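Colleague: no sequence on this one, just coordinates:
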């Protein structure tokens, strides 16, 4: 932020944080970079045609979202509908609708805006975790662990944060820390955590431990 | 789900030259403010000069296409497609003119720490074509729809009174204006100078 109370950015200057696989969208944080506070804004990029530019998901916490294709072209699937979206296309999706988008063009970039109607917006932990996991994959586990600790301090009672911290520690080989986070996640959101954890490859190293069966069934 | 292209949004030409392309209203978005703007001509305004002091909004302007010359707090910046300016300080005067004929600017805004509420200016902007063509019943209906959600909004009541006065519904206009002034006394001074109220200015009870 400049001392003048405003800041100018280019989407080409935004940081790029890859996802878990080469097929996953690359996160380009806008809200975080600019310091914007009223609602969530990020860009997602897919350098290659065929790569996901919007992950398949629905908004479990009730956010409505607007996607704007800024560059390139993508195939969106929203609910039962599939359609092409060129630069300048706007797609509005209600919270419970499953959506995804796959790039058709090189360096496709989609702006995603989201918030929950009727509630003051606060940053969710997923952004920090995406960045932390990208740091881990690039070899900087210490930076990742530090960011996760900051996130958990801000969101101590959200199962998603504890769950992802458990994933991180399982991947890092710290079984005791992984179980501590997973146990706390189950306390905070038992049905959600059990649904996801059973098939989550991040927990492969824990599966033969009786504590895993005890926690997630 | 709904989908559209920015070029297919409504085009509402505003009296001071820029063109409002309503996005939030098109989709019925409740959680955040989002609109697009184009210009009537090269060199014409694409973002009107204004501050966000009254609403306390932080704003992001993202150039989707073309180029625009922004003036933010007296400083000029030329922004091309893919560049954005985040104006954190609501008190900063901001505006932009289009440097290319097909310039499109996406504007995002909201108040930090508060649930989003639909801004009254959107209703006023939406009623401009009807008011300009003297289709006052339509302009009144647009305001009444907004007032169902925010029944005690002074600016909406004031502007509805303007439309009712111009439509010849003098008693309705007077009652509405009195309510607006009761909620926010500053509207009395506005009403004194507002030509929309010429027909009711001398009525007993006109709040001036």
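Modeller: Alright, I've got the coordinates. From a predicted model like this one, the values you see are computed outputs, not experimental measurements.
Colleague: so which helix or strand takes in the residue most central in space within chain B?
Modeller: With distances taken as Cα atoms, centre = their mean, chain B has residue B:121 as the residue nearest its mean C-alpha position (3.1 Å). Assigned by DSSP states H and E, residue B:121 belongs to helix B:120-126.
Colleague: now swap in residue A:28 and tell me
Modeller: Using DSSP H and E, residue A:28 falls in strand A:26-29.
Colleague: gap between that strand and the chain center?
Modeller: 9 Å (Cα atoms, centre = their mean, to the nearest Å).
Colleague: near chain B at all, the helix or strand immediately after that strand in the chain?
Modeller: Remark: after strand A:26-29, the chain's next helix or strand is helix A:31-34, criterion DSSP H and E. Yes - using Cβ under 8 Å from any Cβ of the partner chain, helix A:31-34 reaches chain B at residue A:34. C-beta coordinates here come from the backbone N, C-alpha and C atoms, glycine included.
Colleague: which other residues reach helix A:31-34?
Modeller: A:1, A:7, A:9, A:14-15, A:37, A:39-42, A:123, A:127, B:60, B:84, B:86 (Cβ atoms under 8 Å, 6 or more residues apart in numbering or on different chains).
Colleague: what about 6 Å?
Modeller: Contacts of helix A:31-34 with the rest of the structure, by Cβ atoms under 6 Å, 6 or more residues apart in numbering or on different chains, involve A:7, A:40, A:41, B:86.
Colleague: roughly how far out does it sit from the chain middle?
Modeller: 15 Å.
Colleague: and it, average pLDDT?
Modeller: In this model, helix A:31-34 has an average pLDDT of 95.
Colleague: just stretch B:189-201 next, same as before
Modeller: Averaged across stretch B:189-201, pLDDT comes to 94.
Colleague: list the buried ones in that stretch?
Modeller: B:190, B:191, B:194, B:196, B:197, B:200 (16 or more other Cβ atoms under 10 Å in any protein chain shown).
Colleague: the strand or helix carrying the second one - contacts with which helices or strands?
Modeller: In this assignment (DSSP H and E), residue B:191 forms part of helix B:186-193. Helix B:186-193 is packed against helix B:170-183, with contacts defined by 3 or more Cβ pairs under 6 Å, 6 or more residues apart in numbering or on different chains; DSSP states H and E.
Colleague: and the helix it packs on, how far out from the chain middle?
Modeller: 21 Å.
Colleague: quick one, helices of the chain?
Modeller: You didn't pick a chain, so chain A it is. Ranges of helices in chain A, per DSSP state H, are A:31-34, A:126-137, A:141-154, A:159-172, A:175-188, A:190-197, A:210-216.
Colleague: not quite, go with chain B.
Modeller: B:24-27, B:120-126, B:128-132, B:136-149, B:154-167, B:170-183, B:186-193.
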